[in-house]
Structure formats: C-alpha cells, structure tokens
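Colleague: What follows is a predicted protein model with its sequence.
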Amino acid sequence: MTGLHHDAVRTLDAWAVADPAQDRLRQDYLAHLAERPDGLWRECLPAHITASAVVVDPAGGRVLLTLHPKVGRWLQMGGHCEPGDATLAAAALREATEESGIPGLTLLADGGRPTPVKLDRHQVRCTGKDRPENTHLDVQYVAIAPAGARELISEESLDLRWFGYDELPGLTDGSVRTLVGLARTLT
C-alpha cells in the first residue's frame, strides 16, 4: 500500500462526523480502502476515491466554480488522485490550484491538519466512451483563496466564475449547494 492509501485511511478514520448519512459514507469509503489497495486510482473499478475542494473568498462572500465539460454543470474543483500526491488533502489542493489557476490557496484545517468537510458518492464516466460508468467516492475540502485572488481558466473547464454564496447558478446540483453552504458556515 502507498503512503497516500495510508493517509486516506487515517484521514477518514480520524474524521469526526456528526451527520449519520455522512458517517455511513465514511464507513463505506473505509471499507472500500480495506478491500482495495488500488482504491485511490482511476483504474480501480467499479469505484475509486477522488479529492476535491470548493474555492472560497470569505471576505468577498463568494465561491469559485468551474463549468465542467463532461458533466455540463457548475462544480467545485477536483479530480483523480495522482502518484505524486502524498495525501488526500494534497490531491485536493493540487486539483484546486490547477483548475482555478490561483496560487497560494490554503485548505481549511482543524488543529493544523486539513480536514474534509463532506463526502459525496456519484456516478461518472472517467475517460472515453469505451470506459464503463463508475463511482467516484469524493472527499471534499474547502480551499481559501488569498486576498485579491484572480482565477485563470484551464483546459479542464468550459468556464470559471465567481458567484456570491446566495447567487449560485441554476446548473449547480444539491451536492455542490450543500458543500458551498458548509464552506460559508465554516469560514
């Protein structure tokens, strides 16, 4: 098992979740990792762990979302873990930085250690039409943008835009709305 696998187990095992539905997901993610040493990699089917972060500007009361080309909805930044990721938090921060173009993002931490704020299980087709749909077991964080941060769209997005917490676009699903609500409350 890799250091990333150990970190994922440690992170999920240590995360104190009050919500019973989120705790059931946490237990499911841990069971997945116990059964699958490759459970963090996109090649692991029918499910694998992913990492994401919603980028917020608390002082400006806004959130940065990306219009995802495959999904056609406004989402938080995120994606697959990569071999160079030492931790789940590092994977989420890397994805948020790559997709937002904002250097200097920091993840919301509890006791000095970045902590997930939400889990989300969803169906997706990762790559190519010949690949079957699979399940992303997403571990979600909150990334704080530095003052005056300016986004820079990447090739992974159709659009990248700041929205007020109360002005999320119609093409945003309930999971993203819940994540933004948590980010707003916690920052």
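Modeller: Ah, there it is. Numbering: from 1, shown residues only.
Colleague: contacts, neighbours, all on C-alpha from now
Modeller: Noted.
Colleague: Surely residue 62 touches residue 149?
Modeller: No - because the distance of 11.7 Å does not satisfy CA atoms under 8 Å, residue 62 is recorded as not touching residue 149.
Colleague: Those two: which is more packed in?
Modeller: The neighbour count for residue 62 versus residue 149, taken as other CA atoms under 10 Å, is higher for residue 62 (20 against 15).
Colleague: Point me to the residue sitting closest to the centre of this protein.
Modeller: Ranked by distance to the mean C-alpha position of the chain (CA atoms, centre = their mean), the top residue is residue 52 at 1.4 Å.
Colleague: counting contacts, what elements does whichever strand or helix holds that one pack onto?
Modeller: Secondary-structure assignment from DSSP states H and E places residue 52 in strand 47-57. Applying 3 or more CA pairs under 8 Å, 6 or more residues apart in numbering; DSSP states H and E, one finds that strand 47-57 makes contact with strand 62-67, strand 77-80, helix 88-100, strand 134-144, helix 174-186.
Colleague: Out of those, which gets nearest to residue 119?
Modeller: For residue 119, the closest of the helices and strands packed on strand 47-57 is strand 134-144, at 4.9 Å, according to CA to CA.
Colleague: How about residues contacting the closest one?
Modeller: For strand 134-144, the surrounding residues in contact (CA atoms under 8 Å, 6 or more residues apart in numbering) are 29, 45-58, 88-89, 92-93, 96, 105-108, 114-126, 183.
Colleague: Ok, stretch 68-87 next?
Modeller: Contacting residues not belonging to stretch 68-87 are listed as 3-4, 7-8, 40-42, 49-55, 64-67, 88, 91-92, 95-96, 99-100, 156-159, 169, 171-173, 176 [CA under 8 Å, 6+ apart].
Colleague: In the protein, where is pLDDT below threshold?
Modeller: 1, 125-132 (pLDDT under 70).
Colleague: Settle this for me: the residue nearest to the centre of the chain is touching residue 96, isn't it.
Modeller: Yes - between residue 52 and residue 96 a contact is recorded at 7.0 Å, counting by CA under 8 Å.
Colleague: So what's the residue count around residue 82?
Modeller: 17.
Colleague: Would you mind measuring from residue 116 to residue 15?
Modeller: Distance from residue 116 to residue 15, counting by CA to CA, to the nearest Å: 8 Å.
Colleague: and what of residue 117?
Modeller: Residue 117 sits 9 Å away from residue 15 when distances are taken as CA to CA.
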